[in-house]
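Engineer: Sequence and computational prediction follow.
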Amino acid sequence: MGGKNVTADDATMTGPFPLPVDNCSIERTLAILGEKWTFLVLREAFRGVRRFEDMQAGTHAPRQVLSARLTRLVEEGLLRKVPYREPGSRGRHEYRLTQKGLDLYPIMVSLMHWGDRHTADPDGPPVLLTHRDCGAPVELHMRCTEGHEVSSAREVSPRPGPGARLAG
């Protein structure tokens, strides 16, 4: 990947995302996650579903599609395969989230909350997330490192990071 390294002095950036770079973290993340079946597999994994048949029942994914998504998530280090064997049957694998996979939880919750706000049935959201210890609803918030609430993209000023490379 070519591209010129960028410093804060090189560019003035406006809007919620910086100038186009050829090493964009969003693009790289979408290269791994960027389609419906992957998100549905991750949803099932966060629900505690570990076995292929149960994931297929929960996602309704065709077997070949589910197999390919699970293979990719294992290759990317988001899931790990753990062998198991039911009595009288051949050995199989179940799929468990790794720390890298668990780090996606805020993204999954954000997608769910967005869907609850913009696509839910009139009766309300189909699933409510609550804190296991106290039962209060779970909310996501963005804050700066000084603790200030950031409620909109309009409150964010992007700046080049240490690895930024201008596209082109």
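Structural biologist: Everything's here; your move. Bear in mind the structure is a predicted one, so any value in this text is a computation, not a measurement.

Engineer: list the buried ones in stretch 159-168?
Structural biologist: Buried positions in stretch 159-168, judged by neighbour count with 16 or more other Cβ atoms under 10 Å: 160, 164, 165, 166. The way it works is simple: take the backbone N, C-alpha and C, and place the C-beta from them, glycine included.

Engineer: What of stretch 67-85?
Structural biologist: Buried residues in stretch 67-85, counted by 16+ other Cβ under 10 Å: 69, 70, 72, 73, 74, 78, 79.

Engineer: Who are the contact partners of residue 149?
Structural biologist: Contacts for residue 149 (Cβ atoms under 8 Å, 6 or more residues apart in numbering) come out as 141, 142, 143.

Engineer: how about those in a markdown table, adding distance to residue 101, pLDDT and secondary structure?
Structural biologist: As requested, those are exported to a markdown table (distance: Cβ to Cβ, whole Å; pLDDT from 0 to 100; DSSP: H, G, I helix; E, B strand; the rest coil):
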| residue | distance to residue 101 | pLDDT | secondary structure |
| --- | --- | --- | --- |
| 141 | 23 | 93 | coil |
| 142 | 22 | 94 | strand |
| 143 | 24 | 95 | strand |
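
Engineer: quick one: the strands in the chain?
Structural biologist: Using DSSP state E, the strands found in the chain span residues 4-5, 79-85, 91-97, 142-143, 149-150, 165-166.

Engineer: where does this structure dip in pLDDT?
Structural biologist: The chain contains residues with pLDDT under 70 at 1-19, 168.

Engineer: what's the closest non-adjacent residue to residue 47?
Structural biologist: Once flanking residues are discounted, residue 47 sits nearest to residue 58: 7.3 Å by Cβ to Cβ, 6 or more residues apart in numbering.

Engineer: From residue 66, how far off is the one you found?
Structural biologist: Residue 58 sits 10 Å away from residue 66, going by Cβ to Cβ, to the nearest Å.

Engineer: quick one: which of the two has more around it?
Structural biologist: residue 66 (20 against 15; other Cβ atoms under 10 Å).

Engineer: who's in contact with the more buried one?
Structural biologist: By Cβ under 8 Å, 6+ apart, the neighbours of residue 66 are 37, 41, 52, 55, 56, 59.

Engineer: Residue 131 too?
Structural biologist: Counting by Cβ under 8 Å, 6+ apart, residue 131 touches 137, 138.

Engineer: again, only this time at 7 Å
Structural biologist: Residues near residue 131 by Cβ atoms under 7 Å, 6 or more residues apart in numbering: residue 138.

Engineer: What's the separation between it and residue 139?
Structural biologist: Taking Cβ to Cβ, one finds residue 131 at 10 Å from residue 139.
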